[in-house]
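Colleague: please work out how this folds:
(one chain, ligands or ions: 1)
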Amino acid sequence: MIIRTKGKSKNIESHIVGKVTWDISNENKEFIFLTNNFDFDLVQNSKFTAVITTEKNLIFDTNQKLVYNVPTLGHLNENDIISIGTDGNINTLYRVNSFQNSILTTERCNSNCLMCSQPPKDRDDVSLLFDVNKKLISLIPKDCFEIGISGGEPTLMGDKFFDLLEHIKNELPETEVHVLTNGRTFAWNSLAEKLGYINNPRLMLGIPVYSDYYQIHDHIVQAENAFYQTILGIHNLARYNQRIEIRVVLHKLSIPRLTRLAKYIYKNLPFVEHVAFMGLEYIGYTPHNINQLWIDPFDYQMELNDAVEFLSSQSINVSIYNTPLCVLPENLWRFARKSISDWKNDYLPECANCLKLNECGGLFTWNLKKHSEHIKPY
Ligand code: SF4
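Modeller: The predicted model follows:
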């Protein structure tokens, strides 16, 4: 599925964020008009914020803010929200027909995980993304069920992180907000306290803990003292009644102590609301570190079973993400979720004949290149 495209821009001097429409008679002129049939007179006289067209050549001059020569617009639905860059880049920020919309806050990170799916970029993108996201949040439908906040590490936005969450609470009070953070920043109590002041009962923080042993966690995230900072951060957040989810990525480095980690979570973090065990994504840094990380999911069934059943028996809410049903023992199927966002979700050709196709979450598109050798249709 396409989520970004590019054309040639004209008269666009700063980032534009807006809802799209295919309807030239749309009364709301804050919309961005999309067309495959460029009509110069209609477009020139319209008052839309901008126009995007697949038309290849512009033979007329125009004052209209315009992106032309865009390969396709078919992926955009009425009321989707996009951003247009001065260079003609068109990013889909919010899809009305999806339950899995996410806001990118920064590509900077203070960790450098061996299996990072979106390796950090050291460039100052905070102010630009903050401005784009503030506008985006104001445009998101008020009945939006859930929105994700991701990075990079969102807390590296500093004060803007809290401003953004405050803005979400005001604009989208009914929306569940799921923030992905490594939690290290909250080792500073004042920052956890600040989050507590926002007091959004719909806010949850998804924080990774990869081992009960600090050296293994620190190695996986490639950051000294990360384990202690994360655990302290989680405790500080709990002090201010923040809702927490622990995320554990399953690979060769986390599997050997998985049961111990489950026991560590129960003993030291019993207040967490949810623990998610997540299959490895074959993208970003993972292909480069594959020898350190790869273990066939079929071969860690026993460890995963022990960890999941232990936490569940202690009444902790547990899920398994990113893992096909055919590599899980049947008693774990009740924990398996269809967790992969639709635009990056795929299946192998043999899945077409599988009786469990509708219940199975399948694979990441990029995991079609690297997947369990035990995938077998029911
Ligand atoms: S064969 Fe495909 S659809 Fe069936 S359980 Fe395995 S991954 Fe899922």
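Colleague: which outside residues touch stretch 108-128?
Modeller: Stretch 108-128 is touched from outside by 15, 105-107, 151-153, 156-158, 160, 182, 184-185, 208, 219-223, 226, 249, 251, 253, 280-281, 283-286, 289, 292-293, with contacts defined as C-beta atoms under 8 Å, 6 or more residues apart in numbering. For glycine as for every other residue, the C-beta is placed from the backbone atoms N, C-alpha and C.
Colleague: excluding chain neighbours, what is closest to Ala226?
Modeller: Nearest non-adjacent residue to Ala226, counting by C-beta to C-beta, 6 or more residues apart in numbering: Asp218, 5.1 Å away.
Colleague: show me where the stretch 101-250 of the chain has its strands.
Modeller: 101-104, 146-150, 176-180, 203-208, 243-249 (DSSP state E, counting those that start in this stretch).
Colleague: tell me the strands beside the fourth one, with direction?
Modeller: Meaning strand 203-208. strand 176-180 (parallel), strand 243-249 (parallel) (DSSP bridges).
Colleague: now the ones you listed as a markdown table including mean pLDDT and distance to Arg123?
Modeller: Converted to a markdown table, these look like this (pLDDT from 0 to 100; distance: least, C-beta to C-beta, whole Å):
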| stretch | mean pLDDT | distance to Arg123 |
| --- | --- | --- |
| strand 176-180 | 98 | 20 |
| strand 243-249 | 98 | 26 |
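Colleague: quick one: which of those strands is nearest the ligand?
Modeller: strand 243-249 (19.2 Å; C-beta to the nearest ligand atom).
Colleague: pull the distance from the next helix-or-strand element following the closest one to the chain's centre.
Modeller: Downstream of strand 243-249, the next assigned helix or strand under DSSP states H and E is helix 258-268. The chain centre lies 26 Å from the centre of helix 258-268; the measure is C-alpha atoms, centre = their mean, to the nearest Å.
Colleague: what sits up against helix 258-268?
Modeller: With C-beta under 8 Å, 6+ apart as the criterion, helix 258-268 contacts 209-213, 231, 246, 248, 250, 254, 272, 275, 300, 303-304, 306-308, 310-311, 314, 316.
Colleague: now with 6 Å?
Modeller: Ser211, Asp212, Ile246, Glu303, Asp306, Ala307, Phe310, Leu311, Gln314 (C-beta atoms under 6 Å, 6 or more residues apart in numbering).
Colleague: so what pLDDT did the closest residue to Gly148 other than its chain neighbours get?
Modeller: The shortest distance from Gly148 to any residue other than its chain neighbours is 3.5 Å, reached at Ser102 (C-beta to C-beta, 6+ apart). At Ser102, the pLDDT value in this model is 95.
Colleague: could you measure from Leu261 over to Thr21?
Modeller: 49 Å (C-beta to C-beta, to the nearest Å).
Colleague: that older thread, now distance to the ligand too, for the strands paired with strand 203-208, in JSON lines please.
Modeller: Below are the strands paired with strand 203-208 laid out as JSON lines (distance: least, C-beta to the nearest ligand atom, whole Å):
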{"stretch": "strand 176-180", "distance to the ligand": "25"}
{"stretch": "strand 243-249", "distance to the ligand": "19"}
